[in-house]
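Q: sequence plus the predicted model coming up.
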Number of protein chains: 2
Amino acid sequence: MLVGGRHFFDDDDAADVGYKSLAVNLSDMAAMGAKPRWATLSIALPDADERWIGRFAQGFLDLARDHDVDLIGGDTTRGPLNICVQIMGEVAAGRALRRGGARAGDEIWVSGTLGDAAAALAHLRGELSLDATALRFCIQRLRRPQPRVALGLGVAGVAHSAIDVSDGLLADLGHICERSGVRGVCEWARVPLSEALLPHRAAAAAQDCALGGGDDYELCFTAAPADRGALERVSHELGVAVTCIGRIEAGQGVEVVDAAGRPLRVAHRGYDHFGNSPAA
Amino acid sequence: MLVGGRHFFDDDDAADVGYKSLAVNLSDMAAMGAKPRWATLSIALPDADERWIGRFAQGFLDLARDHDVDLIGGDTTRGPLNICVQIMGEVAAGRALRRGGARAGDEIWVSGTLGDAAAALAHLRGELSLDATALRFCIQRLRRPQPRVALGLGVAGVAHSAIDVSDGLLADLGHICERSGVRGVCEWARVPLSEALLPHRAAAAAQDCALGGGDDYELCFTAAPADRGALERVSHELGVAVTCIGRIEAGQGVEVVDAAGRPLRVAHRGYDHFGNSPAA
């Protein structure tokens, strides 16, 4: 459920809003290793703005077609702008990826690069200064995240746990650790950054974006070290980068360390519910 | 999708809002002759009012349990009050009741009584004066409509078309007639009224409620005259009254006639899209 003025801005291109309202749901399917099949869409609109609805539908339906997803129902009504999408998909019994399957000894992986979407917002707030090319890239990442459906299908049956990075890496990895009853240790230097963010790696704002910023919709998953080769083959076949950023240990919470293994104090806060880790 | 201040009032008992938000969806299943199985629930709330949420959940979940419906997903977020329920169910291939199956010669049936929910609102607006017992009954009908799931399952395979009365009898029968390419003729004197509304049958406001008022969530369906006995057996077994109120003819639109077959002018308007019938 996406609320106007909260999950998107009133002056956002409606085609981007339509795209993203489905993309974030496809990302949930990806995180479970499921094949998305059907969606429903309910919208409350303050008034019947046909141009807005047309643009919204185009962004939504183009992405649905790309993923062979059928729009099978929904509702329209008058009210404060609200978009409610439900996604349904299929996964073989016992094969669904879950948050609770991480085991001590697993390696922690992420797809793509982290922090780009948050960097666009940080730039607009004046906290980070991106050049024009980098800003354009990051805004595109914010508006048109690529749900990692193929990757989710590819790592299902190999990965022990998975989640999509929508709240930020530390928060979402925290969900895996909490559900699995384990501890996550990430090495900051291994967290993959895009060319847009790489020049800012030393800046606290960039670290905030990559570790605490949401909206990237990359996958974070854990797998046994013995399956590294299998994961790299899937990555190669799909043309989607995956990077090992740390390991799962016995314990609880999520910790970020430097290359020497020393705990890093992460500036971005708000994850108190993950316990006593420095990341909190 | 139900919007606060529009589909319900802020001071309504949250348990009633929870009940009704599922009931109207169960009613859609009933109108298709389907067995409801799974629901999802997404809510936007202006603030985390735990008492409200608890009452809402109780109303929703009690009804879900009564119908063996599992709540399988959803979302919560902050925003103007909005409740989005999706219902999924099962029906054998080819057995679903639809709006487009009415045939000339069919009889038109409705379950229960019509106009009660609208009468409660008409009373509150000062357009109709119900005594205390009648008002209590009508308010209960408004807040706790009984979705006719068992009846829908019972008449599937017999009825040619069906819809639930949520917009008002003339509007909803109009949907059947429009989709089926036929004309509906209802005899006002046969439209079933509750004991609460019966004393007001001659009042224009009562006619408005019964023919134009929504929110009763009774079923309206059409069937061949030869199946009258089968329908009456289903009604008897389930303890749900069904009443034949008219017939389907070749043509278009919906007409209301008196006992002598003369067209009645219905006060309640707003159904212009049903063509040239006096009801429009």
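A: Sure, I can see it.
Q: may I see the buried residues of the longest strand seen in chain A?
A: Determined from DSSP state E, the single longest strand within chain A is strand A:35-45. Using 16 or more other C-beta atoms under 10 Å in any protein chain shown as the burial criterion, the residues of strand A:35-45 that qualify are A:35-36, A:38-45. For every residue, glycine as well, the C-beta is placed using N, CA and C.
Q: please state the offset of it from the chain centre?
A: 19 Å (C-alpha atoms, centre = their mean, to the nearest Å).
Q: can you list the strands that that strand pairs with?
A: strand A:70-78 (parallel), strand A:82-90 (antiparallel) (DSSP bridges).
Q: for the helix or strand hosting residue A:177, give me every contacting residue.
A: Using DSSP states H and E, the element containing residue A:177 is helix A:169-180. By C-beta atoms under 8 Å, 6 or more residues apart in numbering or on different chains, the residues outside helix A:169-180 that reach it are A:98-103, A:108, A:110, A:114, A:161-167, A:182-184, A:186, A:191, A:210-212, A:214, A:220, A:222, A:248, A:252-254, A:256, A:266, A:268, A:270-271, A:273-274, A:279.
Q: columns distance to residue A:156 on top of the strands paired with strand A:35-45, output as CSV?
A: Shown next, in CSV, are the strands paired with strand A:35-45 (distance: least, C-beta to C-beta, whole Å):
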stretch, distance to residue A:156
strand A:70-78, 22
strand A:82-90, 12
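Q: pick the most deeply packed of those strands.
A: Mean neighbours per residue, mean count of other C-beta atoms under 10 Å in any protein chain shown, is largest over those for strand A:82-90, with a mean of 23.
Q: for that one, which outside residues touch it?
A: Counting by C-beta under 8 Å, 6+ apart, A:1-4, A:17, A:21-22, A:24-26, A:28-29, A:32, A:34-44, A:69, B:1, B:3, B:40, B:42, B:44, B:73, B:75, B:79-80, B:82, B:84, B:86 sit against strand A:82-90.
Q: what about chain A, any weak spots by pLDDT?
A: Residues of chain A meeting the criterion pLDDT under 70: A:267-280.
Q: can you name the residues of it sitting close to chain B?
A: A:1-4, A:6-7, A:40, A:42-44, A:73, A:75-80, A:82, A:84, A:86 (C-beta under 8 Å from any C-beta of the partner chain).
Q: tell me where chain A has helices.
A: A:14-31, A:50-66, A:116-124, A:132-143, A:149-155, A:169-180, A:204-212, A:228-238 (DSSP state H).
Q: got TSV for those, with mean neighbour count too?
A: Listed next are the helices of chain A as TSV, based on neighbours: other C-beta atoms under 10 Å in any protein chain shown:
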stretch	mean neighbour count
helix A:14-31	24
helix A:50-66	16
helix A:116-124	24
helix A:132-143	18
helix A:149-155	24
helix A:169-180	24
helix A:204-212	24
helix A:228-238	14
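Q: re the thing from before, now a PyMOL select for only the buried ones of the contacts of helix A:169-180.
A: The buried residues among the contacts of helix A:169-180 can be selected in PyMOL (16+ other C-beta under 10 Å) with this line:
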select buried, chain A and resi 98+99+101+102+108+110+114+161+162+163+164+165+166+167+182+183+184+186+191+210+211+212+214+220+222+248+252+253+254+256+266+268+271+274+279
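Q: looking at the contacts of helix A:169-180, which are in strands?
A: Per DSSP E, those map to strands at A:108, A:110, A:161-164, A:183-184, A:186, A:220, A:222, A:248, A:253-254, A:256.
Q: for those, which one is nearest residue B:205?
A: Ranked by distance to residue B:205 (C-beta to C-beta), the ones in strands among the contacts of helix A:169-180 are led by residue A:164 at 54.6 Å.
Q: just list whatever residues bridge to that closest one.
A: residue A:219.
Q: likewise residue A:41?
A: With DSSP bridges as the rule, residue A:41 is bridged to residue A:74, residue A:85.
Q: wait, what's in contact with it?
A: Contacts of residue A:41 by C-beta under 8 Å, 6+ apart are A:21, A:60, A:71, A:74, A:83-85.
Q: same check, this time on residue A:250
A: A:104, A:182-183.
Q: can you name the residue of the stretch 101-250 of chain A nearest to chain B?
A: Nearest residue of the stretch 101-250 of chain A to chain B: residue A:166, at 11.9 Å (C-beta to the nearest C-beta).
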